[in-house]
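Novice: Mind folding the following:
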Amino acid sequence: MKIADLITWFEAWANPAWCESWDNCGWQIEPGVLQEKARVLVCLTPTLAVMQEAIAENANLIFAHHPLIFNPLKSLRTGEAIAEMVRLAFTHNIGIYTAHTNFDQVQDGTADVLAQILKLKEVTPIELTQAGLGYGRVGLLEPFLTLQELLATIQTRLSPPNLIFSPTADLQETISRVAVLGGSGASYISAVAKTGAQAYLTSDCKFHQFQESRDRNLILIDAGHYATERPACDRLVQKFQSLNLDWVQLSQKDEDFRQFFA
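Specialist: Sure, this is the predicted structure:
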């Protein structure tokens, strides 16, 4: 499959026109690779380490969730990471394509994969954007779990380096309804509370957002940005593999930019 055909297939599923006005979805760098057979390296974040991996693997497309170019650039200068990414992309003929908030909304996107990992049933979006699409997911646990069991399940299935949750008096509380949203989801706390969810799995939550959740009787669980979004990248590789591409692989150089001192 040519890169142009792969992008056409993907955009029929997760149209970049669905991305938010503040976002930057679609082509970040296209150095003239559209008619080449697709050799794809999938990653969460396009970094210099991922670019070097793509060069070593003779890939011609980095397919990322996070945009390389998020804010308008005022200059490109030697020694800057984005400038070096651009230089290497054109030197080695490697395109960079991003699927961000459009990918968040769709079936088998970031939120949907999290819901599947927790095996939620009767799943609906937290916030509907259009028919069948939306941000986040909320559904039922079957069987129900205690909060302690739910936290242990998240730890086992997502392997976050640090799992943070709201103050609670009872780890043995039975949890039946859970909401999930990969990446930065604290702005949806109010919407989640209206769904009747008892617990909300997301990331990038601040101190007072845990307070807000407690005041709304919602258990907020922060598993970190990387841990909550990386699984969707793995699912994307599986979907690409079904297309019989020349080569596709999940990046081994993708990074969680946070470390925790034991």
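
Novice: Find the centremost residue of the protein, please.
Specialist: The chain has residue 229 as the residue nearest its centroid, 3.1 Å off, counting by C-alpha atoms, centre = their mean.

Novice: Tell me which residues touch it, please.
Specialist: Neighbour list for residue 229: 44, 65, 110, 182-183 [criterion: C-beta atoms under 8 Å, 6 or more residues apart in numbering]. Heads up, the C-betas are built off the backbone N, CA and C, glycines and all.

Novice: Tell me which residues of the helix or strand containing it come out buried.
Specialist: Element membership for residue 229, per DSSP states H and E: helix 225-241. Buried residues in helix 225-241, counted by 16 or more other C-beta atoms under 10 Å: 225-233, 235-237, 240.

Novice: now do stretch 62-81
Specialist: 62-69.

Novice: Show me the two of the residues you listed that sit farthest apart.
Specialist: The most widely separated members of the buried residues of stretch 62-81, counting by C-beta to C-beta, are 63 and 69 (15.2 Å).

Novice: which secondary structure element contains residue 257?
Specialist: Counting by DSSP H and E, no helix or strand carries residue 257.

Novice: make that residue 90, sorry
Specialist: With DSSP H and E as the test, residue 90 turns up in helix 81-92.

Novice: Does anything pack onto that helix? Which helices or strands?
Specialist: strand 26-29, helix 48-56, strand 95-98 (3 or more C-beta pairs under 8 Å, 6 or more residues apart in numbering; DSSP states H and E).

Novice: again, 7 Å this time
Specialist: Helices and strands touching helix 81-92, by 3 or more C-beta pairs under 7 Å, 6 or more residues apart in numbering; DSSP states H and E, are helix 48-56.

Novice: chain center to the helix or strand just after the helix it packs on: distance?
Specialist: On the C-terminal side of helix 48-56, the closest following helix or strand by DSSP H and E is strand 61-64. Chain-centre distance of strand 61-64: 14 Å, with C-alpha atoms, centre = their mean, to the nearest Å.

Novice: For residue 128, name its beta-bridge partners.
Specialist: residue 134 (DSSP bridges).

Novice: So it is in contact with residue 134, correct?
Specialist: Yes: Residue 128 is within contact range of residue 134, at 4.2 Å (criterion: C-beta atoms under 7 Å).

Novice: Neighbour count: these two, which is higher?
Specialist: Neighbour count, other C-beta atoms under 10 Å: between residue 128 and residue 134, residue 134 has more, with 18 against 12.

Novice: Please report the distance of residue 255 from residue 13.
Specialist: Here residue 255 is placed at a distance of 27 Å from residue 13 (C-beta to C-beta, to the nearest Å).

Novice: what helix or strand is the residue of the chain positioned farthest from its centre on?
Specialist: Using C-alpha atoms, centre = their mean, the residue of the chain lying farthest from its centre is residue 169. It sits 31.4 Å away. Per DSSP H and E, residue 169 falls between elements, in no helix or strand.
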